[in-house]
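>>> Below is the sequence, then the predicted model.
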There are 2 protein chains.
Amino acid sequence: MASEKEVTNNGVEWRIKMADGASEILVPEAKPASNVFLGLQLFIAGLALKVWKFLQKAWDLGVDDPRKVIHCLKVGMALTVVSIFYYMRPLYEEVGGNAMWAIMTVVVVFENTVGATLSKSLNRVCGTCLAGFLAIGVHWIASQSGERFEPVIIGSSVFLLASAATFTRFIPSVKIRFDYGAMIFILTFSLVSVSGYRVDKLFDLAHQRLSTIIIGTALCIVVTMLVCPIWAGQELYALITRNMDKLADSLDGCVAEYFQDGDGSLVDSGKERQKKLRGYKCVLSSKATEETMANFARWEPAHGRFNFQHPWKQYIKIGASMRNCAYCIEALNGCISSENQAPEYIKKHISNSSLKVSSNSSSVIKELAVTIKTMKKSSDIHNLVKEMNSAVQELQADLNSFPKLFTSPSNSESQIPENKKIEPAASRTMVTLPPLMEIIPLVTSASLLTEISSRINGIVDAVEELADSANFVPASITDKCQKNGVE
Amino acid sequence: MASEKEVTNNGVEWRIKMADGASEILVPEAKPASNVFLGLQLFIAGLALKVWKFLQKAWDLGVDDPRKVIHCLKVGMALTVVSIFYYMRPLYEEVGGNAMWAIMTVVVVFENTVGATLSKSLNRVCGTCLAGFLAIGVHWIASQSGERFEPVIIGSSVFLLASAATFTRFIPSVKIRFDYGAMIFILTFSLVSVSGYRVDKLFDLAHQRLSTIIIGTALCIVVTMLVCPIWAGQELYALITRNMDKLADSLDGCVAEYFQDGDGSLVDSGKERQKKLRGYKCVLSSKATEETMANFARWEPAHGRFNFQHPWKQYIKIGASMRNCAYCIEALNGCISSENQAPEYIKKHISNSSLKVSSNSSSVIKELAVTIKTMKKSSDIHNLVKEMNSAVQELQADLNSFPKLFTSPSNSESQIPENKKIEPAASRTMVTLPPLMEIIPLVTSASLLTEISSRINGIVDAVEELADSANFVPASITDKCQKNGVE
């Protein structure tokens, strides 16, 4: 039994995260033991390993985002407060057995963000009130219509209203905002209309239940808003700006990797670089989060730099335009990692202009991120867009001069002459003409870059729309100097 | 008051969907009326119009998917049955006031698909049991430790367990499958440990509550599985095959539109065609649905052609590989609708081979859809993939012969000679050389087509993995004949 005890001890030690790892525990005891005992030991060790891994994952999650831990402590706090309230006999007598509704409300309504908590609270209170009054009405009608019809009226009203309310939960506009309210409506209506009390007792009951629900929701709202609040709006805002930076970095990284490779620089900063390159994937996968956050943000009061009527919907549009851009980066990535690649000397020809397009494009995106971060209209953005567009035209001019290049094959081995403005070679003799095949990946990536920069214009439009509807002030010259100083 | 009554009447008429539209109601009464009255009238008419639009949307939703209506009737039925059970006094006395838990269970647990209902039911029962026993234990310990420590022990245990359980809800693997269970755990633990009853009464209470919850869940499960069941697995399966068809159609449509346009064929079948072209967008946006369905499908027993251990996770992989392909189609679409287009005579050169690649690619996708639909390993798929790959090589060869073409500018105006195998023109005199600029969109779309066909190989692999793990039988020759006959 010694080993079992040891395993249990280890289980306890893991919870407080001792330094000695799981591998030590897995070493079997040296004593001779029966097969059954050994099997049991292995089973326990395997289980312990699983628990250990689970705890490790949980620990990492907590370290990664301590606000999650704070949220858990907030839930614990709110529940303890409401439980003590319930536990105190005098208060308990006051609201009757209905005090449990306060606990239930706290458990069900308390969410991670202020907006979600507010949304659920209001849904719960409104759903309960509406259904309560309706149910009392139906109950009164049923009680007036004699013992024979009473169950028929109650049964059919429950059937009809529950079906109708369930159906509204399928309608997208209701589902987004009032899904929980519809559920509470069905619940309260069924409970009250079926309860079998007399109407005057029902009013007592409704009063108690409503007051406990209001106590619960009020506690939740106070705790969620006052103790380290997590605002859905702030989260959405941070997500969008973070994604913009990621998009800019991965665009820059992709193009740089394509044109500056071959010198082994990939090796030294492998993992970090890969992460940067794959940043656009976050943009691709954050649609659902953006929509949820924007929906919750609409319920939130003014906070931080956001007023109550802040145009949260516009962030969804910005997100969509960013995703539009990310699709092309994903295709660009595919093209870059494809097997047949253009020879280096051909690559060199458009390398400079491609890098310029990508760096100009990413500066536009970064400037947009700064616009949103500072909530000030950028004075630079139009210049940056102009620069991006002129870089695109330069790239197209470079592409256009391709066939001319191949009229002088002696130059094409490794070095391309700096002055690309060779005279039109229409009447010269062509000696070699490299197959189009070789430059296809290059042409494709250049074309995708062009498409990306044109889609960036979509992001610019969406951000400008946000700046207008949220009344961003124009950035003053001092801001600009400060910004340059910081950067 | 006549007009108000009329509006109300109309409100009732709309519910039964009369033919006379909302426009009639909006005509104001001819009588002279005060401004306030007119304003009220307008307000009511506006409100009525909104309600009318809402009802119309709901009606369309119901017509679009009648199973949603059936689901609502099922919820209504289950609730009515459990309400009648609650309403019957003898039964009511039997389980005490706790009968409301049965109603609550039905409202909360009844979901659209069998898998979701099962998942919530099991979560509810397990969460309640686990928390109930734990709470009774804590309660017993607290009651033994004297009046002074009792609230401290209960308060701190609620705080700790609620915080810990809330934290587990953040861990992805728990969140996906046991989120609801963790919530019910917190709820039950708080309610029971705080309840202030003696332990022997607690056992009574626990027994009653558990039995009502089991009655509720059993009713939900029976109704959801026996009355027109909607299986999450079946939904996922249908979604994947439907998306495959959409992907194939939109790939075909995109390429056809690009190469066969200019003859005005866009006009005649505008809307339907646009819908077909945009089919790939469904693939892009169905990630969340796929994951939810796959998660619920795992809870479902064997149904239809799916056994209990059907590899639902593989469908997520297939979905991901399809999305991978859809990203490229989205880029291709952007490239096709870009402003600068290749002249028709250049387009013609690769039109045939591009159309061949797209039609072969879409046949591969359609064959994969058939494989999943029939659940039989396709005998054709390898031939189709071969054909697709050879079409890709043909396209590349056509691209390769581009520069050669332009050595004979006299041909280039409108007609391209059928035999493309012109002798290498290395030493000939070039008269005109069209700028690369003109063929960039063409080269890009050809390159994206190549990328799409290579990504289709990813879908083929994913489907083959599914065929292996789900033990699809090879299609017999009779099947093939039947299939061809049907098509």
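Great, that's in hand. Numbering: from 1, shown residues only, chains lettered A, B, ... in the order given.

>>> alpha carbons only for contacts and neighbour counts from here, please
Noted.

>>> if I look at residue A:224, how far off is chain B?
Per C-alpha to the nearest C-alpha, to the nearest Å, residue A:224 is found 14 Å from chain B.

>>> Show the pLDDT at the nearest residue in space to that residue that is not next to it in sequence.
Leaving aside its sequence neighbours, residue A:224 sits nearest to residue A:114 (C-alpha to C-alpha, 6 or more residues apart in numbering or on different chains; 5.9 Å). Residue A:114 carries a pLDDT value of 94.

>>> How about residue A:13?
39.

>>> Contacts only, for residue A:288.
Residues near residue A:288 by C-alpha atoms under 8 Å, 6 or more residues apart in numbering or on different chains: residue B:288.

>>> Kindly recompute the last result at 10 Å.
Residue A:288 makes contact with A:294, A:316, B:285, B:287-288 under the criterion C-alpha atoms under 10 Å, 6 or more residues apart in numbering or on different chains.

>>> again with residue A:306
Counting by C-alpha under 10 Å, 6+ apart, the residues that residue A:306 touches are A:233-234, A:300, A:312, A:375, A:470.

>>> which of those residues has the most neighbours?
Counting neighbours by other C-alpha atoms under 10 Å in any protein chain shown, the top entry in those is residue A:233, with 29 neighbours.

>>> thinking it is in contact with residue A:114, fair?
Yes - using C-alpha atoms under 10 Å, residue A:233 is in contact with residue A:114, at 9.1 Å.

>>> Give me the common contacts of the two.
By C-alpha under 10 Å, 6+ apart, residue A:233 and residue A:114 have these common neighbours: A:296-297, A:299-301.

>>> For the contacts of residue A:288, which two are the farthest from each other?
The span of these, defined through C-alpha to C-alpha, is set by A:294 and B:287 at 19.5 Å.

>>> Just give me the neighbour total for residue A:39.
With other C-alpha under 10 Å as criterion, residue A:39 counts 12.

>>> and if you look at the one 10 residues further on?
The number of residues packed near residue A:49 is 18, by other C-alpha under 10 Å.

>>> what's the answer for the one 10 residues further on, then?
Taking other C-alpha under 10 Å as the neighbour definition, residue A:59 ends up with a count of 14.

>>> Tell me who's in contact with residue A:64.
With C-alpha under 10 Å, 6+ apart, residue A:64 has these contacts: residue A:58.

>>> mind checking how far it is from residue A:58?
The spacing between residue A:64 and residue A:58, counted by C-alpha to C-alpha, to the nearest Å, is 10 Å.

>>> What of residue A:354?
Shown here: residue A:354 relative to residue A:58, a distance of 44 Å by C-alpha to C-alpha.

>>> Looking at those two, which is more packed in?
A count of neighbours by other C-alpha under 10 Å puts residue A:354 above the other of residue A:354 and residue A:58, at 28 against 17.

>>> Setting the sequence-adjacent residues aside, check what's closest to the more buried one.
Of all residues not flanking residue A:354 in the chain, residue A:395 sits nearest, at 6.2 Å (C-alpha to C-alpha, 6+ apart).

>>> wait, is the one you found part of a strand?
No - counting by DSSP: H, G, I helix; E, B strand; the rest coil, residue A:395 is located in no strand; its state is helix.

>>> Do a quick rundown of the strands in the stretch 251-400 of chain A.
Along the stretch 251-400 of chain A, counting by DSSP state E, counting those that start in this stretch, strands occupy A:376-377.

>>> Around chain B, pick out the residues from it.
With C-alpha under 10 Å from any C-alpha of the partner chain as the criterion, the stretch 251-400 of chain A comes near chain B at residues A:284-285, A:287-288, A:324-332, A:334-335, A:338, A:396-400.

>>> Buried ones among those?
The neighbour-count criterion (16 or more other C-alpha atoms under 10 Å in any protein chain shown) marks A:284, A:287, A:324-332, A:334-335, A:396-400 among those as buried.

>>> In helices, which of the residues you listed appear?
Among these, DSSP state H puts A:284, A:287, A:324-332, A:334-335, A:396-400 in helices.

>>> Contact partners for residue A:256?
A:250, A:351, A:354-355, A:358-359.

>>> Just send these back as a markdown table, with pLDDT too.
A markdown table is the format used below for these (pLDDT from 0 to 100):
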| residue | pLDDT |
| --- | --- |
| A:250 | 92 |
| A:351 | 87 |
| A:354 | 90 |
| A:355 | 92 |
| A:358 | 92 |
| A:359 | 92 |
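
>>> Could you identify the most distant pair in those?
Within the contacts of residue A:256, two members stand farthest from each other by C-alpha to C-alpha: A:250 and A:351, at 17.3 Å.

>>> higher neighbour count, the two?
residue A:250 (27 against 22).

>>> Could you see whether chain B lies near the longest helix along chain A?
Counting by DSSP H, the longest helix found in chain A is helix A:436-469. Yes - using C-alpha under 10 Å from any C-alpha, helix A:436-469 comes into contact with chain B via A:436-448, A:450-452, A:454-455.

>>> from those residues, which would you call buried?
Going by neighbour count (16+ other C-alpha under 10 Å), the residues of helix A:436-469 next to chain B have A:436-437, A:439-448, A:450-452, A:454-455 buried.

>>> near chain B, which residues of the stretch 1-150 of chain A?
Neighbours of chain B within the stretch 1-150 of chain A, by C-alpha under 10 Å from any C-alpha: A:54-55, A:57-58, A:61-62, A:68-89, A:92, A:97, A:99-101, A:103-108, A:111.
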